[in-house]
Structures are given as C-alpha cells and as structure tokens.
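A.B. asks: Based on what follows, work out the 3D shape:
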Amino acid sequence: MSESDDRSDRGFTLVEILVVIAILGIVAAVTVFAVRGVNERAEQGACAGDARTLTTAADSYMARESLAEVPALGSSDDRFELFLVDVGMLKQVSTYFDLAADGTTTTTGEPCP
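C.D. replies: Next up is the predicted model:
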C-alpha cells in the first residue's frame, strides 16, 4: 500500500471542515434567537417582584409590631420605604413604586423596563 492511498494521515477534507462550520453557525443562530429578550423579561420580573417585596415588608412589619400603619422617616415620597430600610425590612428604596402608610403600593410614574 502506497503512502498516497493511506487517508489516515491526511486529516480533514475541506468539505468536512465546511460542514462543521455550517453546523456551528446554525447552532449559534438558534442560540442567539433563544436567549434574545432574556434580559428584558428578567427586568420585568424584578420590577413586578419589587411591588410584592414592598407590600410583604410593610405587612410583616405591621403584623410584627401590631400597627395599622408603617411609621414614616422624613417627609419625602419614600418616607415609609426609608423607615423599612432603616429597620432592616428592605435593602433599598424602590425606583418604580412608592409605599403608602397602609402598606399599599403606587407607581412613581417611572415605567418598569
């Protein structure tokens, strides 16, 4: 058997490499379309969760302290949220929602992403 007849030493042909590149391109395109919009959906979910977090924190504090309203800290629109941050019930003030003294939320006017 001559050396030119032995295909095991020659490697991949151009056609084989092009087929692999085409398959990888198709897989990449499918992946891009599958994950497109994930960030937007995550931000919308976080925004919706923000309102639930505010309400839950206010309800928990009022139940724990047997109060009908959340005390205020200051006089800004975020005074009730600032109080809950101060007592450790919240990590930060919401950008999209304001908390009322009775534990209900209203939008700040800034739209959720």
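A.B. asks: Quick check: nearest residue in space to residue 94, chain neighbours excluded?
C.D. replies: residue 50 (5.1 Å; C-beta to C-beta, 6 or more residues apart in numbering). Using the backbone N, CA and C atoms, a C-beta is placed for each residue, glycine as well.
A.B. asks: and residue 40, what element?
C.D. replies: Element membership of residue 40 [criterion: DSSP states H and E] is helix 38-65.
A.B. asks: so what does that helix touch, helix or strand wise?
C.D. replies: Contacts defined by 3 or more C-beta pairs under 8 Å, 6 or more residues apart in numbering; DSSP states H and E place helix 38-65 against helix 79-86, strand 97-99, strand 105-107.
A.B. asks: Give me whichever of those is most buried.
C.D. replies: Most buried of the helices and strands packed on helix 38-65 by mean neighbour count (mean count of other C-beta atoms under 10 Å) is strand 97-99; its value is a mean of 22.
A.B. asks: Pull up the pairing partners for that strand, direction included.
C.D. replies: strand 105-107 (antiparallel) (DSSP bridges).
A.B. asks: can you give me how far the partner strand is from the chain middle?
C.D. replies: Distance of strand 105-107 from its chain centroid, counting by C-alpha atoms, centre = their mean, to the nearest Å, is 20 Å.
A.B. asks: go on, stretch 98-113?
C.D. replies: That offset, for stretch 98-113, works out to 19 Å (C-alpha atoms, centre = their mean).
A.B. asks: Ok, stretch 35-47 next?
C.D. replies: That offset, for stretch 35-47, works out to 6 Å (C-alpha atoms, centre = their mean).
A.B. asks: What average pLDDT does that stretch get?
C.D. replies: For stretch 35-47, the mean pLDDT works out to 84.
A.B. asks: Just give me the neighbour total for residue 89.
C.D. replies: Residue 89 is flanked by 18 other residues according to other C-beta atoms under 10 Å.
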